[in-house]
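1. Pasting a predicted model and its sequence here:
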Protein chains: 2
Amino acid sequence: MTLIDGRAISQAILDTVSADVAALRDAGTTPTLAIVVPTDDEATAWYVRSIVRTATKVGVEARQIDRHGITADELVAELASLSSDPGVHGIICQTPLPKGVTLDQVGQHIAPAKDVDGANPESLGRLAAGLPAFAPATAQAVVEILQRERTPLSGVDLVVVGRSNVVGKPAALLLLAENATVTVCHSRTRDLAAHTRRADVLVAAVGRAHMLGADHVKPGAVVIDVGTNPTEDGGLVGDVDTAAVEPVAGSITPVPGGVGPVTTALLLRNVVTAARG
Amino acid sequence: MTLIDGRAISQAILDTVSADVAALRDAGTTPTLAIVVPTDDEATAWYVRSIVRTATKVGVEARQIDRHGITADELVAELASLSSDPGVHGIICQTPLPKGVTLDQVGQHIAPAKDVDGANPESLGRLAAGLPAFAPATAQAVVEILQRERTPLSGVDLVVVGRSNVVGKPAALLLLAENATVTVCHSRTRDLAAHTRRADVLVAAVGRAHMLGADHVKPGAVVIDVGTNPTEDGGLVGDVDTAAVEPVAGSITPVPGGVGPVTTALLLRNVVTAARG
């Protein structure tokens, strides 16, 4: 079995992003990403630091806007203000959100042209309709990895486990556009293993540590593990039990070092695309 | 095998619509549907006549706007003008469209609040995100029929054949929200029959006469046939070879008299919903 090297893929994308940023800066534009952080959360803080670090490396300006304890109305106003700020090219709003607010509600206030993590339902709709739009970077990462690994997608049996608006659904729509025969499984699916076992490509996006084992995988399958589940000792594990699946799968993305770094690279690539206008 | 009576389902919906329209008219609002017809096409003209006839029966004002030969720019202006006309509650734009224009492009200019046939990608996105939105009436009809027939959907294997923006994709999204395990098959799918034969519920939305036969259907399956393919003698046939499938399927929607009349009824129900604001 091959472990897919997400860090190497990420670096390859970032090399291109760096060159593109340099060209934009030479032309007088500094690609700028606004990261709104509406609540105090350790995992979020860790992720934001990692985005800021990577952004800085490639020359993208990451403007972290800590607004812990912000109300829903203030958050909407903040996003609207950033949407009309010509110095900001990309906007993401971190979860968790203030109580009583959903990402979809918030996402509606991010201008689609700056919606670099595909949080606006309009972006999802444009994606579904095959129109130009930013997809959630995690869903994009799934497709990008498969394409860079030269995994055939046209006509293959592809199963996505998970139907969230940020990963499962957009990934399914993107992979359908790549001509895969796509099945979306979820918590209500009967006999999950019967579905996943026929998958040439299996995308796990559930958010439950090691829920997919050897019995769930077709021999030789390509497995993309989107899960990032914290462990008690401060580590991260995926939705797939990699050790158990190893003798069965053809290749698999590790956690960490798989989908995560590719996601960050694509987020920054999206900021460059947005800055180009 | 049971033939599902689309006309009876349609009538049941229209009875409620009639009562709702009467109440709205008593309150001073006449629910009004604008039907923009941008090209001269016989099949379209037939369909528009049928909408107008049904609308009139239930008290919805159907305003047919024949603009054969309209340019793309004029069409956009027309839709924008109707979108801001307070006397118009629902807007649909018939296909075929003028050359060089796609329904998605046109749909963007129909205000989501009046987009009673779900042509705006924003409507599709809101649908995908689980937010309130109008789905394309045909996709809605698929779900409505299954619900009225009390077909269990949660956890069942459901296969949609076809991935158009107007039927396949939105139907898949709606049925996923009903907790079905949804597979979308299409022209690139390998071994279509292997997929459709495991479907408890099979939705055919391809647009190819009789392309699904007995070999494609699981014994006892519920089959929803969205196809309306013209025959040489001026009739209509579905995507499913109903006679062949009859000994196998548990129930099936006929063509004509299945999905079609339910679609029209739901379109008018959407106009009422839009008129209520």
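-> Nice, I can see it.
2. ok, and what's touching the longest helix belonging to chain A?
-> Among the segments of chain A that qualify as a helix by DSSP state H, the longest is helix A:6-26. Under the contact criterion CB atoms under 8 Å, 6 or more residues apart in numbering or on different chains, helix A:6-26 has outside partners A:30-31, A:54, A:57-60, A:144-145, A:148, A:253-254, A:257-262, A:264-266, A:268-269, A:272, A:275-276. The C-beta positions use only the backbone N, C-alpha and C, and glycine is treated the same way.
3. Now a PyMOL select for only the buried ones of these.
-> If you want just the buried ones from the contacts of helix A:6-26 in PyMOL, going by 16 or more other CB atoms under 10 Å in any protein chain shown, the selection is:
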select buried, chain A and resi 31+54+58+59+60+144+145+253+254+257+258+259+260+261+262+264+265+266+268+269+272+275
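4. Restricted to helices, list the contacts of helix A:6-26.
-> Per DSSP H, the subset of the contacts of helix A:6-26 in helices is A:54, A:57-58, A:144-145, A:148, A:259-262, A:264-266, A:268-269, A:272, A:275-276.
5. before we move on, the earlier item: any idea how far the longest helix of chain A is from the chain center?
-> 17 Å (CA atoms, centre = their mean, to the nearest Å).
6. Average pLDDT for it, rounded please.
-> Mean per-residue pLDDT for helix A:6-26: 98.
7. how about the CA coordinates for the following helix or strand past it, as CSV?
-> Using DSSP states H and E, the helix or strand that directly follows helix A:6-26 along the chain is strand A:32-37. Taking Å, rounded to 0.1, in the frame of the first residue of the first chain, the C-alpha atoms of strand A:32-37 are listed here in CSV:
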residue,chain,number,x,y,z
THR,A,32,-5.0,39.4,1.5
LEU,A,33,-7.0,36.9,3.4
ALA,A,34,-9.2,38.0,6.3
ILE,A,35,-9.7,35.3,9.0
VAL,A,36,-12.6,36.1,11.3
VAL,A,37,-12.3,34.2,14.6
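8. Spell out which parts of the stretch 151-277 of chain A neighbour chain B.
-> A:154-157, A:163, A:165, A:169, A:173, A:176, A:179, A:181-186, A:188-190, A:195 (CB under 8 Å from any CB of the partner chain).
9. again, only this time at 7 Å
-> A:154-155, A:163, A:165, A:169, A:176, A:179, A:181-185, A:188-190, A:195 (CB under 7 Å from any CB of the partner chain).
10. Give the buried subset of those as a ChimeraX selection command.
-> This is the ChimeraX syntax for the buried subset of these, where burial follows 16+ other CB under 10 Å:
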select /A:155,163,165,169,176,179,181,182,183,184,185,188,189,195
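11. list the buried ones in stretch A:232-250?
-> Applying 16+ other CB under 10 Å to stretch A:232-250 flags A:237-242, A:244-245, A:248-250 as buried.
12. Let's see which of those residues end up in strands.
-> Those of the buried residues of stretch A:232-250 mapping onto strands are A:Val237, per DSSP state E.
13. From B:Ser164, how far off is A:Thr181?
-> 16 Å (CB to CB, to the nearest Å).
14. swap in A:Leu153?
-> Distance from A:Leu153 to B:Ser164, by CB to CB: 20 Å.
15. Show me which of the two is the more surrounded one.
-> A:Leu153 (23 against 18; other CB atoms under 10 Å in any protein chain shown).
16. in which helix or strand would I find that one?
-> Here A:Leu153 is assigned to no helix or strand, by DSSP H and E.
17. Excluding chain neighbours, what is closest to it?
-> A:Glu178 (4.2 Å; CB to CB, 6 or more residues apart in numbering or on different chains).
18. for the residue of the stretch 51-200 of chain A found nearest chain B, what are its contacts?
-> Going by CB to the nearest CB, chain B is nearest to A:Gly125 of the stretch 51-200 of chain A, at 2.3 Å. The contact partners of A:Gly125, taken as CB atoms under 7 Å, 6 or more residues apart in numbering or on different chains, are B:121-126, B:128.
19. Having no further points to raise, I will conclude here.
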